[in-house]
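*Asks:* Turn this into a model:
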Amino acid sequence: MSRSMKQALVRALDLTGLPSLLPRLAGNRMWIPCYHGVVSESKASGREGYENTVSIAEFAQHLEWLGRHYRFVDLAGALEWLERPSPGRPPVLISFDDGYRNNLSLAAPVLLRFGAPGIFFLSTGYIGGNRLLWPLELDARLEQSPGVEIGRPAQPQARTKIPAGRAERAALAWQLRLELKGMPNTGRLDYLQSLAAITNLDLARVDHELYDFMSWDEARQLAGLGFDIGSHTCEHPILSRLDDAELRTEIWDSKMKIEAELGRPVTTIAYPNGGAADYSPRVVEITKACGYSSGFAVDEAFQRPWSVAGAGSRYGLSRMIVQGHLPAAQFRFLASGARNLLNPES
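*Replies:* Now for the predicted structure:
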């Protein structure tokens, strides 16, 4: 089915009112959306680079709809419901990954306006600095270096010229991300270092509203507003690609850093990328050993109570990515469960 046909189907389904009925009809389940950033204005006409952000207006629309059809919960409320599910509107736990400054300056005020708790997962190696998260640095380097010939991570002999067109660059960046995420961590780091040696990165040319991380003072402000804070590792690697020593550093050190800076215990972690191939039983074993009581994945499914999903899902809580700057009907299609109903594997 073509993209235009899918969009037409989503709009037609939305007109039936089914997305507004599904949250109550679908039985015991929790929705845990995974956001990343909020920006001031919609980028619907130029999503390249903004695929993981929503505008303030879009985020407010999301929360308004969720508030009518779900019940907002914090981390403690989510874990309590998983243990002892209650009838009525299903719970929704809003989560944000990475730790961008816009989480405090733009997302938090909207959450407070709607009385919605949230949990923010911080990549501690980036908090308080002026670095770009490595996938976003990759994007920025390609954007600022059209025409430069680069190698491919999975095929060092293969050479590719960085395209001049924005859409073509975005497609190349996406392919490179996938290749890098599938490599051992040392190979990923080596490739990024070699890319840095031949490409440009002028931080004055990036969208700081999109890229900048919080300071530790700002992270304390966010926590002081009553929001939950969790770990998203130190350097945002793919955990299944690390050896045991690297795993302990990423999982333990990030927890200790947040606890030291915020003066509160950190009991949960979100695995970077979060797909089934991105964390493993060994990752979960070390996560438990480091004192975490839960872990969040990204498997594009609703979370069921532990009586159905099993207590083992405590370290693989199901989340769904909320892509940015999409039509409101498409958000309702996702949030209601209509997408999963029509395509159970999505």
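*Asks:* For the closest residue to residue 69 other than its chain neighbours, the count of nearby residues, please.
*Replies:* Nearest-residue entry for residue 69: residue 23, 4.4 Å, with adjacent residues in sequence omitted and distances by Cβ to Cβ, 6 or more residues apart in numbering. C-beta coordinates here come from the backbone N, C-alpha and C atoms, glycine included. By other Cβ atoms under 10 Å, the residues close to residue 23 number 22.
*Asks:* residue contacts, residue 23?
*Replies:* 31, 69, 70, 89, 90, 336, 337 (Cβ atoms under 8 Å, 6 or more residues apart in numbering).
*Asks:* That one sits in which helix or strand?
*Replies:* helix 18-25 (DSSP states H and E).
*Asks:* Give me the next element, helix or strand, following that helix.
*Replies:* Next along from helix 18-25, by DSSP H and E: strand 33-35.
*Asks:* what residues does that following strand touch?
*Replies:* Here strand 33-35 makes contact (Cβ under 8 Å, 6+ apart) with 52, 54, 59, 62, 92, 94-97, 107, 270, 274, 296, 298, 319-322, 335.
*Asks:* Please work out the average pLDDT along it.
*Replies:* The pLDDT scores in strand 33-35 average 98.
*Asks:* quick one: strands adjacent to it?
*Replies:* According to DSSP bridges, strand 33-35 has the following sheet partners: strand 95-98 (parallel), strand 320-321 (parallel).
*Asks:* Those: which one's closest to residue 16?
*Replies:* Nearest to residue 16 among the strands paired with strand 33-35 is strand 320-321 (21.8 Å), distances taken as Cβ to Cβ.
*Asks:* Now find how far off-centre that closest one is within its chain.
*Replies:* 7 Å (Cα atoms, centre = their mean, to the nearest Å).
*Asks:* Need the pLDDT of the residue nearest to residue 69.
*Replies:* 81.
*Asks:* what do you get for residue 346?
*Replies:* 47.
*Asks:* just the buried members of the contacts of residue 23?
*Replies:* 31, 69, 70, 90, 336, 337 (16 or more other Cβ atoms under 10 Å).
*Asks:* Buried ones in stretch 164-181, by neighbour count?
*Replies:* 169, 170, 172, 173, 176, 177, 179, 180, 181.
*Asks:* I'd like the distance from it to the chain centre, please.
*Replies:* Distance, stretch centre to chain centre, for stretch 164-181: 19 Å (Cα atoms, centre = their mean).
*Asks:* Okay, and residue 265 sits in which element?
*Replies:* Going by DSSP H and E, residue 265 is not in any helix or strand.
*Asks:* Does it touch residue 231 like I think?
*Replies:* No. Counting by Cβ atoms under 8 Å, residue 231 is not a contact partner of residue 265; they are 11.2 Å apart.
*Asks:* Next, the contact list for the closest residue to residue 94 other than its chain neighbours, please.
*Replies:* Excluding the flanking residues, the one nearest residue 94 by Cβ to Cβ, 6+ apart is residue 118, at 4.2 Å. Applying Cβ under 8 Å, 6+ apart to residue 118 gives the contacts 74, 93, 94, 95, 96, 107, 108, 111, 227, 228.
*Asks:* could you dump the strands paired with strand 33-35 to TSV with mean pLDDT and distance to residue 251?
*Replies:* Below are these laid out as TSV (pLDDT from 0 to 100; distance: least, Cβ to Cβ, whole Å):
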stretch	mean pLDDT	distance to residue 251
strand 95-98	98	16
strand 320-321	97	22
